[in-house]
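1. Give me a model of this one.
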Amino acid sequence: MRYMLLIYTREGEMSAEEHEAVAGAHRVVMNEARQRGIFQGAEPLMPTSTATTVRRKEGKVFTIDGPFAETKEQLGGYYILDCENLDEAIEWASRIPTACRGQEGCVEIRPIRPMNN
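-> Presented below is the predicted three-dimensional model:
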């Protein structure tokens with residue numbers, strides 16, 4: 001089953017050195033997932049200040065600058081892994097360094113629904 005691991009953290013709270021250390025830790029996790037053959041993709045997202053939200057109301061489409069909700073944590077990036085089961089996805093999520101920095105943050109795990117062609 002493919003899982004998307006959504007990484008939530010606070011934007012802009014790291015020094016350049018901390019950012020590089022976290023990026024290096026991500027590279028370690030991604031390389032190991034690649035070696036095990038379960039890595040499907042992972043990318044960081046631009047800051048929420050670059051986001052646009054699209055809403056539909058009464059048949060009309062509206063766009064809003066920024067994320068859809070005001071929160072303390074923002075979606076910072078994601079991994080897509082092809083895991084045997086949820087337990088394996090949880091194991092990988094626990095290794096994602098952004099969630100383990102000692103600050104608020106979490107990784108949401110969502111199964112990816114297969115598309116019918």
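2. following the host helix or strand of I7, which helix or strand comes up?
-> Assigned by DSSP states H and E, I7 falls within strand 2-9. Counting by DSSP H and E, the next helix or strand C-terminal to strand 2-9 is helix 16-35.
3. Name the next helix or strand following that next one along the chain.
-> Using DSSP H and E, the first helix or strand after helix 16-35 is strand 39-44.
4. Packing partners of the following helix or strand past that next one?
-> Per DSSP H and E, the first helix or strand lying C-terminal to strand 39-44 is strand 52-57. Using 3 or more C-beta pairs under 8 Å, 6 or more residues apart in numbering; DSSP states H and E, the elements in contact with strand 52-57 are strand 60-65. Backbone N, C-alpha and C define where each C-beta goes, glycine included.
5. Can you list the strands that the strand it packs on pairs with?
-> Counting by DSSP bridges, the strands paired with strand 60-65 are strand 52-57 (antiparallel).
6. Export the partner strand to CSV, keeping only CA atoms.
-> Output in CSV follows, covering the C-alpha atoms of strand 52-57 (Å, rounded to 0.1, in the frame of the first residue of the first chain):
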residue,chain,number,x,y,z
THR,A,52,-3.2,29.8,-3.1
THR,A,53,-6.4,28.2,-2.0
VAL,A,54,-9.2,27.5,-4.4
ARG,A,55,-12.8,27.3,-3.1
ARG,A,56,-16.1,26.8,-4.8
LYS,A,57,-19.2,28.3,-3.4
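7. what about N116, neighbour count?
-> If you count neighbours by other C-beta atoms under 10 Å, N116 ends up with 4.
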